[in-house]
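Participant: below are the sequence and a predicted model for it; my questions follow.
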Amino acid sequence: MASDDSQRNIFQNYDKPIVLVGCSGEGNELIRLAESFLEENFPQAPMDIIKPTADLSSVVAGSGLGWPSVVVVDFSAEPSDDLDLSEVTRSLYEDNGLLSIYVNVDAEEGKISADSAKTKSQLDESVFMKFSDYELCIKGEGTEGESADWDHIKWELTRLVARARLAPAIPGEKAPSTNTAHLTMGENTFFLSLSFPEISQVEPYVEEMCLDVDAMEYRTDLLDCRDSRFDLIYGMQLLRRYCRPFVVRVPALPFVGNVLEDVMPICYTVRTQNQAGTYPDDEAGISKMFDMLGWGLRGGVEVLDVESAWDKKKTDDLLNEAKERYASQVLGSHHVVGKEISREEAVELFQQCALDGRAHGAKVVLSIESEEKDRMAHEAAIIATSLAATEGKPEIPNVSLILGDVGQFSRIVNLPFTPVTHESLPFKAAPGQLTAKEIMAGRLLMKIIDSKRYAILGHNIAYSVSPQMQGSAFRAAVLPHEYGRADVETVEEFIDSDFFKDPKFGGCSVTIPHKQSIIPYVDVMSEAATTIGSVNTLIAEIEYDNDDFKRVIYGDNTDWKGIFNPLERRFGVQGEDDSNGIALILGGGGTARAAAYAASELGLKRVYYNRTPSKAEQLAESFGGTVITSLDMESENDDEKCLGDVLSGDASLKVIISTLPAGAEFVLPEWLISKEDTKPVIFDVNYKPYYTKLLEQAEAAGLETVRGSEMLWEQGVGQFEAWTKRTAPYSIMKTVVLQNCLPEDMQ
């Protein structure tokens with residue numbers, strides 16, 4: 001979903017040079033990070049590492065520098081008499097609006113020279129902090145040469161840039177995306193409350209903990225290092241490093257043609273004494289608390305917990321900065337400690353925690369005297385959501401809890417983003433906390449969640465990987481659902497079946513030959529399904545209408561997302577300044593329609609080729625674009641419109657999407673793949689065989705390729721999220737698909 005400027009993270013889809021600023025130590029950290037960032041993420045691109053000169057304009061504008069390139073402003077480098085590096089840093093940040101990252105090398109462990117250490121100390125806040133948005137902290141990793149420790153520092157830089165370039169989270173927005181709070185804080189999601197005074201004490205427990213949770217809560221107020229910006233940011237990096245080998249349930253973080261699959265989301269919290277925490281809540285303490293929240297943004301946190309009770313101006317300043325320059329989701333929170341309030345007052349607290357429509361989620365924790373009121377927080381959350389809908393305000397996830405053992409039921413009935421402990425930990429972060437396993441068992445026992453049945457609907461579908469993929473995803477998220485096959489010749493057989501009529505029916509994937517014939521049985525069609533003219537996903541919902549509950553069948557199409565997502569990562573959505581990009585779409589069936597829709601969403605002009613021209617004409621009528629009758633470079637007669645005619649002038653062929661069957665053994669004309677000025681991405685929607693003739697040809701020509709296997713797991717992720725209303729375990733789904741698609745010699 002496109003957002004207007006007022007909702008926009010200014011670094012979304014960032015396409016300018018990145019700035020690394022700081023003081024290197026013995027390990028020459030800044031230059032090495034710049035080199036590894038470009039080598040590992042952009043192996044085909046020129047190595048553009050720029051050092052500032054007296055003529056600052058040459059750094060930014062000269063030679064047409066842009067993305068990807070890195071400007072390194074290293075204050076430890078040999079100084080130049082005519083160059084004021086502080087002014088250079090300021091101008092790059094303020095005048096040129098570049099994404100600047102402070103590479104903060106510890107002076108002692110990084111073995112920074114005495115002169116550079118003095119410079120670093122003097123300029124830490126006045127230059128390095130002031131003229132940067134993100135911060136990467138390094139101890140002695142740079143002095144170790146190439147090591148696992150240094151590899152994680154490199155990974156952290158990539159993560160920070162990927163996080164910075166995300167689309168902003170929009171309060172109340174439910175459309176699935178990488179940064180949708182209704183998924184991050186979705187149903188049956190859990191974050192683990194950590195309460196160790198030293199983050200290194202977490203390491204022995206992370207392998208088991210990562211199996212059960214979707215995020216880690218970084219309780220800064222409980223850490224011994226809580227007043228040190230360096231140590232808090234470094235501690236977050238350490239926590240992510242501990243989790244990386246063991247993450248299971250986490251979503252993908254997309255970045256330039258690839259994804260980071262091992263990023264454990266962090267909920268960053270500074271809990272004050274008044275709010276069931278330990279951080280001082282006097283005037284000086286609250287001022288420092290807001291500084292610490294800013295440090296969380298600089299560390300690239302996924303969720304920032306902001307207490308709603310404090311200084312309004314400081315809160316406004318923090319939220320404005322978060323909205324303008326970051327992609328973090330904000331969780332407004334309030335704890336009522338030691339006294340009981342009314343349900344009406346609790347509703348008002350949820351409204352307060354919405355932070356004037358700027359929070360992406362709200363968390364209210366109450367105190368009660370007896371179990372008779374153990375539903376009060378939950379009821380207040382429901383009322384607050386209803387009032388928001390009535391008043392036209394964002395409907396955000398409301399986390400509703402009650403403190404202590406008396407509030408354990410509240411943790412079972414609260415579906416979004418529930419804080420938990422873990423059975424492996426030596427102690428709980430708070431009285432009354434339950435484990436994720438205990439909560440899920442309670443929800444099943446109390447029928448708060450039900451086991452649902454899903455399937456892939458099609459004919460001759462024994463080959464389908466979907467049952468393995470979705471079944472593994474349900475197990476990873478510890479959801480009690482089943483996924484099978486519904487192999488029928490006609491849709492009517494399915495509609496008349498006990499499976500479809502079963503109250504436990506939750507939905508299904510739909511494949512050939514039923515994607516169009518299922519439409520008459522759908523109650524509500526999504527915009528994408530309506531435009532594409534086919535349904536690949538059914539979602540069954542129970543809704544209350546006219547004083548009764550009824551089942552509503554929603555029809556959606558995630559095939560286009562399976563095409564859109566990989567291509568968006570590779571070259572982004574084309575803007576008005578790059579309006580000459582072209583997608584060549586081969587074929588004329590239902591998948592070609594999904595490809596045309598995806599190309600439109602990518603901002604590409606559509607060109608269609610099919611051996612049956614009438615099918616190509618239908619695509620052009622539905623989605624706009626040009627039909628060609630041959631893939632030749634030049635037309636043989638005046639009645640023919642060839643590809644060469646379309647590619648003349650300023651046209652840029654960005655991608656070729658083949659929806660042709662693998663058995664057709666289609667290949668492109670040699671003139672097209674050998675053009676030096678044309679290097680399109682080749683997208684073959686077939687996921688078996690792993691190597692089609694087209695993909696073999698493309699790889700031999702050095703062209704970037706996308707396989708149907710990637711489309712399969714991407715569209716499957718969309719289906720999982722539509723059914724479960726939570727983030728999908730991306731790596732699990734991808735791994736299962738590859739295990740079933742890769743040739744044996746590649747596994």
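Facilitator: Arrived safely. Nothing here was measured: the structure is a model prediction, and the numbers come from that model.
Participant: going forward, measure contacts and count neighbours with C-alpha atoms only.
Facilitator: Noted.
Participant: and the residue lying farthest from the centre of the chain, helix, strand or coil?
Facilitator: Largest separation from the mean C-alpha position in the chain: N637, at 49.5 Å (CA atoms, centre = their mean). Three-state assignment for N637 (DSSP: H, G, I helix; E, B strand; the rest coil): coil.
Participant: contact partners for S731?
Facilitator: Contact analysis of S731 by CA atoms under 8 Å, 6 or more residues apart in numbering lists V248, V250, P251, A252, E261, D262.
Participant: switch the cut-off to 10 Å
Facilitator: V247, V248, R249, V250, P251, A252, V259, L260, E261, D262, A473, W713 (CA atoms under 10 Å, 6 or more residues apart in numbering).
Participant: over to M376?
Facilitator: Applying CA under 10 Å, 6+ apart, the residues near M376 are 341-344, 346-347, 366-368, 382, 400-402, 410.
Participant: just the ones in strands from those, please.
Facilitator: The strands, defined by DSSP state E, take in L366, S400, L401, I402 from those.
Participant: quick check: beta-bridge partners of the first one?
Facilitator: Okay, so that is L366. Applying DSSP bridges to L366 gives these bridge partners: I402.
Participant: can you count the residues close to it?
Facilitator: Neighbour count of L366, defined by other CA atoms under 10 Å: 26.
Participant: ok, the second one next?
Facilitator: Neighbours of S400 under the rule other CA under 10 Å: 28.
Participant: state the distance from it to R219.
Facilitator: 19 Å (CA to CA, to the nearest Å).
Participant: hmm, who's touching the helix or strand encompassing Q468?
Facilitator: Following DSSP states H and E, one finds Q468 within helix 466-476. Residues from elsewhere that reach helix 466-476 (CA under 10 Å, 6+ apart): 211-212, 248-250, 454-456, 478-485, 509, 712-713, 716-717, 719-720, 724, 728-738, 740.
Participant: with stretch 275-288 instead?
Facilitator: Here stretch 275-288 makes contact (CA under 10 Å, 6+ apart) with 219-223, 226-227, 269-274, 289, 291-292, 294, 307, 309-311, 314, 333-338, 365, 403, 430.
Participant: end to end, how far does it reach?
Facilitator: First residue to last in stretch 275-288 (CA to CA) measures 16 Å.
Participant: pull out the buried residues from that stretch.
Facilitator: Residues of stretch 275-288 classed as buried: Q275, A276, G277, T278, Y279, P280, D281, I286, K288 (neighbour count, 16 or more other CA atoms under 10 Å).
Participant: mind giving me CSV with the residues you listed and columns for distance to I539 and secondary structure?
Facilitator: Formatted as CSV, these follow (distance: CA to CA, whole Å; DSSP: H, G, I helix; E, B strand; the rest coil):
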residue, distance to I539, secondary structure
Q275, 40, helix
A276, 40, coil
G277, 41, coil
T278, 45, coil
Y279, 45, strand
P280, 48, coil
D281, 47, coil
I286, 46, helix
K288, 47, helix
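Participant: low-scoring stretches of the chain, by residue?
Facilitator: Residues of the chain meeting the criterion pLDDT under 70: 1-7, 53-65, 79-81, 576-579, 747.
Participant: for the host helix or strand of D317, C-alpha coordinates in PDB please.
Facilitator: Using DSSP H and E, D317 sits in helix 312-325. Output of helix 312-325 as PDB, limited to C-alpha atoms (Å, rounded to 0.1, in the frame of the first residue of the first chain):
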ATOM      1  CA  LYS A 312       3.700  15.200  26.400                       C
ATOM      2  CA  LYS A 313       6.300  17.300  24.500                       C
ATOM      3  CA  LYS A 314       9.000  14.700  24.900                       C
ATOM      4  CA  THR A 315       6.600  12.000  23.800                       C
ATOM      5  CA  ASP A 316       5.500  14.100  20.800                       C
ATOM      6  CA  ASP A 317       9.200  14.700  19.800                       C
ATOM      7  CA  LEU A 318      10.000  11.000  20.100                       C
ATOM      8  CA  LEU A 319       7.000   9.900  18.100                       C
ATOM      9  CA  ASN A 320       7.600  12.500  15.400                       C
ATOM     10  CA  GLU A 321      11.200  11.400  15.000                       C
ATOM     11  CA  ALA A 322      10.100   7.700  14.900                       C
ATOM     12  CA  LYS A 323       7.500   8.500  12.200                       C
ATOM     13  CA  GLU A 324       9.800  10.700  10.100                       C
ATOM     14  CA  ARG A 325      13.100   8.700  10.100                       C
END
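Participant: other SSEs contacting that helix?
Facilitator: helix 283-298, strand 303-307, strand 329-335 (3 or more CA pairs under 10 Å, 6 or more residues apart in numbering; DSSP states H and E).
Participant: adding distance to Q122, write these out as CSV.
Facilitator: As requested, the helices and strands packed on helix 312-325 are exported to CSV (distance: least, CA to CA, whole Å):
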stretch, distance to Q122
helix 283-298, 19
strand 303-307, 29
strand 329-335, 33
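Participant: which one, of these, ends up nearest to F190?
Facilitator: Minimum separation from F190 across these (CA to CA) falls at strand 303-307, 12.8 Å.
Participant: Provide a list of residues in contact with F246.
Facilitator: V206, E207, E208, M209, C210, L211, D262, M264.
Participant: so the first one sits against V248, correct?
Facilitator: No: under the criterion of CA atoms under 10 Å, V206 lies out of contact with V248, with a separation of 11.5 Å.
Participant: so which of the two has more stuff around it?
Facilitator: V248 (26 against 19).
Participant: measure the more buried one to I542 for me?
Facilitator: From V248 to I542 the distance is 30 Å (CA to CA).
Participant: returning to that earlier point: rebuild the buried residues of stretch 275-288 as TSV, extending it with distance to T421.
Facilitator: Converted to TSV, those look like this (distance: CA to CA, whole Å):
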residue	distance to T421
Q275	19
A276	16
G277	16
T278	19
Y279	21
P280	25
D281	26
I286	27
K288	28
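Participant: need the CA coordinates for stretch 720-739. PDB is fine.
Facilitator: Taking C-alpha atoms only, stretch 720-739 is exported to PDB below (Å, rounded to 0.1, in the frame of the first residue of the first chain):
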ATOM      1  CA  PHE A 720      -0.500 -18.400   6.100                       C
ATOM      2  CA  GLU A 721      -0.700 -14.800   7.300                       C
ATOM      3  CA  ALA A 722      -4.300 -14.500   5.900                       C
ATOM      4  CA  TRP A 723      -5.400 -17.600   7.700                       C
ATOM      5  CA  THR A 724      -3.600 -17.100  11.000                       C
ATOM      6  CA  LYS A 725      -3.400 -13.300  11.300                       C
ATOM      7  CA  ARG A 726       0.200 -13.400  12.400                       C
ATOM      8  CA  THR A 727       3.700 -13.400  10.800                       C
ATOM      9  CA  ALA A 728       4.700 -16.500   8.900                       C
ATOM     10  CA  PRO A 729       7.900 -18.600   9.800                       C
ATOM     11  CA  TYR A 730       9.600 -17.600   6.500                       C
ATOM     12  CA  SER A 731      12.700 -19.700   6.800                       C
ATOM     13  CA  ILE A 732      10.800 -22.900   7.600                       C
ATOM     14  CA  MET A 733       8.500 -22.500   4.600                       C
ATOM     15  CA  LYS A 734      11.400 -21.700   2.300                       C
ATOM     16  CA  THR A 735      13.400 -24.700   3.500                       C
ATOM     17  CA  VAL A 736      10.600 -27.100   3.000                       C
ATOM     18  CA  VAL A 737      10.000 -25.900  -0.500                       C
ATOM     19  CA  LEU A 738      13.700 -26.200  -1.400                       C
ATOM     20  CA  GLN A 739      13.900 -29.700   0.100                       C
END
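Participant: for it, buried residues please.
Facilitator: Here stretch 720-739 shows 720-734, 736-738 as buried, counting by 16+ other CA under 10 Å.
Participant: done for today, thanks.
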